[in-house]
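Chemist: quick one: sequence and predicted model below, then my questions.
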Amino acid sequence: MDSPETVSVDCDLIVVGAGPAGLFATYYAGFRGLRVALVDSLPELGGQVTAMYPEKAILDVAGFPSVKGRELVTGLVDQARTAAPIELLGRTATELEADDTGVRLTLDDGTLVRGAAMVITAGIGKFSPRPLPAGGEWLGRGLEFFVPSFEPYVDRDVLVVGGGDSAFDWALHLEPIARSVTLVHRRDAFRAHAGTVAQAQASSIEIITRAQVQALRGDDHVAEVELAVEGDGGPAVVVRPVQAVVAALGFIADLGPLQRWGLETNKRHLVVDSAMRTNLPRVFAAGDITDYAGKVRLIAVGFGEAATAVNNAAVAIDPDAHLFPGHSSEGAQP
């Protein structure tokens, strides 16, 4: 029984994770006439896109040859809010009880959310950037892990550290506005898409491989970087003037409390079936957090999984409901 102090929220469907998949799931639940509570540990909607790359051009969403992360999220938020969801942001889900009658989700501020079903769209869970060993106290003083705005990089000498897609994407986005862009990677081989690498190699970006950042120097702000560059005769020290460093070294993902809920996982992902069902009753999942044979982690895939999860959740809530409610274009939204 709930204590008198417990703040409780009742809804039909709980959506945990307010990234692209969660926002589309919220809209689709509204289309099906379900009352939604949307939960996210971040203080604003948009998930990783908002937190990590709002200015990045996204090229693999159907219907948009190129769309900035911020613009995509704006459209998704407007769409999701047609469902008039209860938005519970800046709160972490800590405890879950699920059975054949419904789910009870406890948040870290004590709020109890009761729903007839739940869809988990928590992306990679909580994430933190991998640190730059030589970065030390320079974070916020010229060193950043993400690029939420391009303005601070205008007419700056920028150093990007990393060899993955994020590193090359940031370098290419910054190249037209910065005075110079140098990309440093510790190996000759890159994890980034071959086409992106070729584009960078054909640009004015200087790419230095077999190199590591040894030190950042300056007064109140980064002014230069010291690199150790491997050569045939051994490592050589190279010093470059830079006023901005982007350490795109990836991030550490943590499912956090989800790992204690009894959900079946495959490494750091939730195992689902073709209906997006997890092993817990009335608990579904969609987006990057899911895993199954042939899984492809794209925003576009997450949208389809979100619709599948919501439609199957609707049937779990009301067995008389149709799995497919028809197309949204066939009539007015409920």
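Modeler: Now that the structure is in, tell me what you want to look at. Keep in mind that what you see is a predicted model, and the values were worked out from it rather than measured. Numbering: from 1, shown residues only.
Chemist: now do the helices in the stretch 101-250 of the chain.
Modeler: Secondary structure of the stretch 101-250 of the chain (DSSP state H, counting those that start in this stretch): helices at 165-174, 194-201.
Chemist: now render those helices as JSON lines, adding mean pLDDT, mean neighbour count and distance to residue 67.
Modeler: Any C-beta I mention is one placed from the backbone N, CA and C, and that applies to glycine too. Putting the helices of the stretch 101-250 of the chain into JSON lines (pLDDT from 0 to 100; neighbours: other CB atoms under 10 Å; distance: least, CB to CB, whole Å) gives the following:
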{"stretch": "helix 165-174", "mean pLDDT": "91", "mean neighbour count": "23", "distance to residue 67": "14"}
{"stretch": "helix 194-201", "mean pLDDT": "94", "mean neighbour count": "14", "distance to residue 67": "17"}
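Chemist: would you mind giving those as CSV with distance to residue 326 added?
Modeler: Listed next are these as CSV, based on distance: least, CB to CB, whole Å:
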stretch, distance to residue 326
helix 165-174, 38
helix 194-201, 39
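Chemist: list the contacts of residue 100.
Modeler: Counting by CB atoms under 8 Å, 6 or more residues apart in numbering, residue 100 touches 281-282.
Chemist: before we move on, what about residue 76?
Modeler: 20, 23-24, 27, 45-46.
Chemist: among those residues, which are located in helices?
Modeler: 20, 23-24, 27 (DSSP state H).
Chemist: most neighbours among the residues you listed, which one?
Modeler: In terms of neighbour count, residue 23 stands highest of the ones in helices among the contacts of residue 76 at 32 neighbours, by other CB atoms under 10 Å.
Chemist: I figured that one was touching residue 77, is that so?
Modeler: Yes - between residue 23 and residue 77 there is a contact under CB atoms under 8 Å: 6.2 Å.
Chemist: which residues are in contact with each of the two?
Modeler: Counting by CB under 8 Å, 6+ apart, the common neighbours of residue 23 and residue 77 are 45-46.
Chemist: pLDDT score assigned to residue 253?
Modeler: Looking at residue 253, its pLDDT stands at 68.
Chemist: same question but for residue 260, I mixed them up
Modeler: So residue 260 comes in at 89 (pLDDT).
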